[in-house]
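Chemist: What follows is a predicted protein model with its sequence.
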Amino acid sequence: MSKTLEFGTSRSRLVFFVAIVLISCAGCVPAPNTAVERVQDRAAEQPPANDSNSVEHANLDHESRELKEKFKLQTAQEPEREAASIDLEQVLVVAVCPSMFREALEPWVQRRQREGLGVEVIESETTADELRKSLAKTDFPRCRYVVLVGDSQLTPHGEATDSNQYVPTVYRDADVTAAYQQAPQIPGDASYGIFDGNEFVRAAVGRLPVKDPEQLTAMINRIFAYEDSTDFGPWRSRVDLVAGIGGFGPMIDGAIEMVAGGIITGSLPKFVQTRITHASPSSDFHPGIDNFTPTVLSNYEDGARFWVYAGHGWVNELDRVPLSQFGRPVLAMDDVPRLKRLPSSSTIALMLACYTGAFDLNEDCLSERMLLSDGGPIAVLAGSRVTMPYGNASAAMGLIHAVYYGRSDRLGDAWRETLIEMSKASVDDTELASRRMMVDGIASLLGGGARIDDERREHMQLYNLLGDPTLRLKRELEIKVDDVSDAIVGRPIFIKGESSLPGKLVVEVHRRLGTPSISKDASANGYQSANDTILGRIEKDIQSGRWECDVSIPDFLQTEMVATLPIVIKASVVGKSDFASGASSGWLRTIQEPGSVKITPIEPKQ
């Protein structure tokens, strides 16, 4: 009997979140990394009382308190609606660009101007405080995006940065996460998007952590290739989810799998196909200890719109499989050159883990190395220090909602909406309270109810966008798929729908991920069977308008199945310059012969 659980049910989301809380709180140990140790060492050093840095440090502490209050006071007041209604011609991008990168940035500037965006390029400053003052002098009511061109330096006390090459980041005092941090301050860029003291996140901030003009040119070329892509293959409707192992025993580790599946998969539209790779040997989604990293790399090469990692992380590697000093990292610095994906079909990486986005250290973190690799993701969202369970879940849920339901045109639009959502208390928004009900409830039951708003807002500082916030996202058109009222194994399923886009139609019938696997290939291993959800498929050319087709479900399922199976009908159309996706649900049943035992529906495992 399958050990999997149908992801997306309320019970699975609840158990999953409990596991994340246990893992993130009990499992986050000091990262065994000399770079992080240096952060601790630097934080322990107090500048002399007569040193000019002490004044800068005091200013930084004051700024930290101000920013904390700004994040706390963020509400759904009408500056949000005002910013959301700005015409494209009015939107401004501010690029903070050290002089050494000016020439290499020019093609990007010209492209964004051709798209109708206003672009203002300003010099970097030696401190975050000075840079925030410079940003406040721009035409901030029009500003929706801030692009930081260049890496940061480790300056937790506000020491001067070499502004000819670097762009400083903002350090804030840790609050909710302080007990788990190795250093008292958290680096983050998000507060550069707050200009005028009105407690509103006006702009999405992204950083291109390049070291030289050649790296910037390569990054810009990859961005252009991604935006100009006419590759409308299956990768655009796929999300790859890689889950680490907690190491807390079968029960809790099994729950980790449910969390990874429940929060992520349960929030996605039906047309999205999720592929799960889990580090626990007891999981049906485990490809084998020796084959784990090769499977992760192979799946990455196969492509996905989003690549999500949920588990333990450090500055230079992800969790180990098996979980010991002798285990193989899920992904490490040496693996980054093995990330193979063309820029035209790059993924966007979401790292729900500690330290993986520690961009301020003097050597690259894993997220930076991935972003700058030729075959790496086109953008990475990652935590700069220890991240917490509720904050992780809030960031993931907010981004998914903004991309797939808010249908953002640019990555920065989705990230900005995510930050605005994270800043709001659930009681202030009925729709938001409904989406957060499960995770808010569990957090409260576990004793964190009084601080969950603070935890969520602190993760606005912890999570950073490494990449171009003006990156254009190619949105799928919508294709209508009619509900299927009756589907029987061994008989064609008559499926109808409507598409405004002519082209190649692909219709697939899937079992829901997490229901018992039914493999058509006797040689398929358990991992392949768990992720292979296709029961039937057909392709045909269509014109715009109504369409219909028959999809057959093979007779072999008749002897395999013992109950009615929930199914998802997914349809996609690929045209010359666009693509469309849609889905609907139904039930697949076996034929009951006279006198046979009554068949009852399969209910998701609890």
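Modeler: Perfect, thanks for sending it.
Chemist: Please tell me I have it right and residue 95 contacts residue 118.
Modeler: No. Between residue 95 and residue 118 there is no contact under C-beta atoms under 8 Å: 11.1 Å. From N, CA and C alone the C-beta is placed, and that goes for glycine too.
Chemist: Mind checking which of these two has more residues around it?
Modeler: Neighbours were counted for residue 95 and for residue 118 using other C-beta atoms under 10 Å; residue 95 has more, 21 against 17.
Chemist: so what does the helix or strand hosting the more buried one touch, helix or strand wise?
Modeler: Using DSSP states H and E, residue 95 sits in strand 92-96. Other helices and strands packing on strand 92-96, by 3 or more C-beta pairs under 8 Å, 6 or more residues apart in numbering; DSSP states H and E, are helix 102-114, strand 118-122, helix 128-136, strand 143-149.
Chemist: Quick check: which of those is nearest to residue 232?
Modeler: helix 102-114 (21.9 Å; C-beta to C-beta).
Chemist: So for the closest one, what gets flagged as buried?
Modeler: Under the neighbour-count criterion of 16 or more other C-beta atoms under 10 Å, helix 102-114 has 104-105, 108-109, 111-112 buried.
Chemist: same question, stretch 281-289
Modeler: 283-287.
Chemist: which one in those is the model shakiest on?
Modeler: The lowest pLDDT within the buried residues of stretch 281-289 belongs to residue 283, with 86.
Chemist: Helix, strand or coil: sort out that one for me.
Modeler: coil (DSSP: H, G, I helix; E, B strand; the rest coil).
Chemist: Residue 267: what's it in contact with?
Modeler: Contacts for residue 267 (C-beta atoms under 8 Å, 6 or more residues apart in numbering) come out as 396-397, 400-401.
Chemist: Inside strands: which ones of those residues?
Modeler: Among the contacts of residue 267, none falls in strands (DSSP state E).
Chemist: Most neighbours among the residues you listed, which one is it?
Modeler: Busiest of the contacts of residue 267 [other C-beta under 10 Å] is residue 400, holding 25 neighbours.
Chemist: quick one: that one from residue 267, how far?
Modeler: Noted for residue 400: a distance of 5 Å to residue 267, by C-beta to C-beta, to the nearest Å.
Chemist: what does residue 188 give?
Modeler: From residue 188 to residue 267 the distance is 24 Å (C-beta to C-beta).
Chemist: What of residue 470?
Modeler: 25 Å.
Chemist: Which residue comes closest to residue 349 once chain neighbours are left out?
Modeler: residue 377 (4.0 Å; C-beta to C-beta, 6 or more residues apart in numbering).
Chemist: try residue 469
Modeler: Spatial nearest neighbour of residue 469, chain neighbours left out: residue 412 (2.8 Å); criterion: C-beta to C-beta, 6+ apart.
Chemist: Tell me the helices and strands packed up against the strand or helix carrying the one you found.
Modeler: Assessed by DSSP H and E, residue 412 sits inside helix 411-423. Where contact means 3+ C-beta pairs under 8 Å, 6+ apart, helix 411-423 is packed against strand 143-149, strand 204-208, helix 389-400, helix 452-462, strand 463-466.
Chemist: TSV for those, including distance to residue 178?
Modeler: Listed next are the helices and strands packed on helix 411-423 as TSV, based on distance: least, C-beta to C-beta, whole Å:
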stretch	distance to residue 178
strand 143-149	26
strand 204-208	24
helix 389-400	14
helix 452-462	9
strand 463-466	17
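Chemist: Arrange the ones you listed in JSON lines, one row each, with mean pLDDT and distance to residue 310 as further columns.
Modeler: Below are the helices and strands packed on helix 411-423 laid out as JSON lines (pLDDT from 0 to 100; distance: least, C-beta to C-beta, whole Å):
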{"stretch": "strand 143-149", "mean pLDDT": "97", "distance to residue 310": "27"}
{"stretch": "strand 204-208", "mean pLDDT": "98", "distance to residue 310": "22"}
{"stretch": "helix 389-400", "mean pLDDT": "89", "distance to residue 310": "7"}
{"stretch": "helix 452-462", "mean pLDDT": "92", "distance to residue 310": "14"}
{"stretch": "strand 463-466", "mean pLDDT": "98", "distance to residue 310": "14"}
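Chemist: So for residue 566, which of these sits nearest?
Modeler: Nearest of the helices and strands packed on helix 411-423 (C-beta to C-beta): helix 389-400, 21.6 Å.
Chemist: re earlier: out of the helices and strands packed on helix 411-423, which comes closest to residue 513?
Modeler: It's helix 389-400; of those, that one is closest to residue 513 (C-beta to C-beta) at 15.7 Å.
Chemist: picking up where we left off before, could you save the helices and strands packed on strand 92-96 as a markdown table and add columns showing distance to residue 201?
Modeler: Listed next are the helices and strands packed on strand 92-96 as a markdown table, based on distance: least, C-beta to C-beta, whole Å:
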| stretch | distance to residue 201 |
| --- | --- |
| helix 102-114 | 21 |
| strand 118-122 | 19 |
| helix 128-136 | 13 |
| strand 143-149 | 10 |
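Chemist: Would you single out the least confident of those?
Modeler: helix 128-136 (a mean of 93).
Chemist: can you give me the offset of it from its chain's centre?
Modeler: Centroid separation for helix 128-136 versus its chain: 29 Å, with C-alpha atoms, centre = their mean, to the nearest Å.
Chemist: relative to strand 204-208, how tilted is it?
Modeler: 120 degrees (axes from the mean of the first three to the mean of the last three C-alpha atoms, to 10 degrees).
Chemist: List the buried residues in helix 128-136.
Modeler: 128-132, 135.
Chemist: with these in mind, which one is nearest to residue 212?
Modeler: Relative to residue 212, and with distances defined as C-beta to C-beta, the nearest of the buried residues of helix 128-136 is residue 131, at 21.1 Å.
Chemist: pLDDT value on the residue nearest to residue 318 when sequence neighbours are not counted, please?
Modeler: Using C-beta to C-beta, 6+ apart and skipping residues adjacent in sequence, the residue nearest residue 318 is residue 330, 4.0 Å away. Turning to residue 330, the model gives it a pLDDT of 96.
Chemist: Could you do residue 9 as well?
Modeler: 41.
Chemist: next one: residue 432
Modeler: 88.
Chemist: Give me the distance between residue 499 and residue 193.
Modeler: 38 Å.
Chemist: typed the wrong thing, it's residue 377
Modeler: From residue 377 to residue 193 the distance is 22 Å (C-beta to C-beta).
Chemist: now do residue 359
Modeler: 17 Å.
Chemist: ditto for residue 333
Modeler: 30 Å.
Chemist: average pLDDT for stretch 411-422?
Modeler: pLDDT averaged over stretch 411-422 gives 96.
Chemist: so what's the residue minimising distance to the centre of the chain bridging to?
Modeler: Nearest to the geometric centre of the chain sits residue 350, at 3.3 Å (C-alpha atoms, centre = their mean). Here residue 350 shows beta-bridge partners residue 308, residue 381, assigned using DSSP bridges.
Chemist: That one reaches residue 377, doesn't it?
Modeler: No. Applying C-beta under 8 Å, one finds residue 350 not in contact with residue 377, separated by 9.4 Å.
Chemist: what touches both of those two?
Modeler: residue 307.
Chemist: Ends of stretch 94-106, what's the gap?
Modeler: Counting by C-alpha to C-alpha, to the nearest Å, you get 13 Å between the two ends of stretch 94-106.
Chemist: and residue 406, how many neighbours?
Modeler: Using other C-beta under 10 Å, residue 406 has 17 other residues around it.
Chemist: my guess is residue 386 meets residue 353, correct?
Modeler: No. At 9.8 Å, residue 386 and residue 353 do not qualify as touching, with contact defined as C-beta under 8 Å.
Chemist: Any regions of the chain where pLDDT drops low?
Modeler: 1-89, 196-199, 246-264, 445-450, 518-524, 555-563, 591-606 (pLDDT under 70).
Chemist: Kindly report the domain assignment for it.
Modeler: 76-208, 211-466, 477-589 (automatic domain parsing).
Chemist: Closest to residue 573 out of the contacts of residue 267?
Modeler: Distance to residue 573, by C-beta to C-beta, is smallest for residue 400 among the contacts of residue 267, at 23.2 Å.
Chemist: Contact partners for the residue nearest to residue 469?
Modeler: 144-145, 203-204, 206, 465, 468-471.
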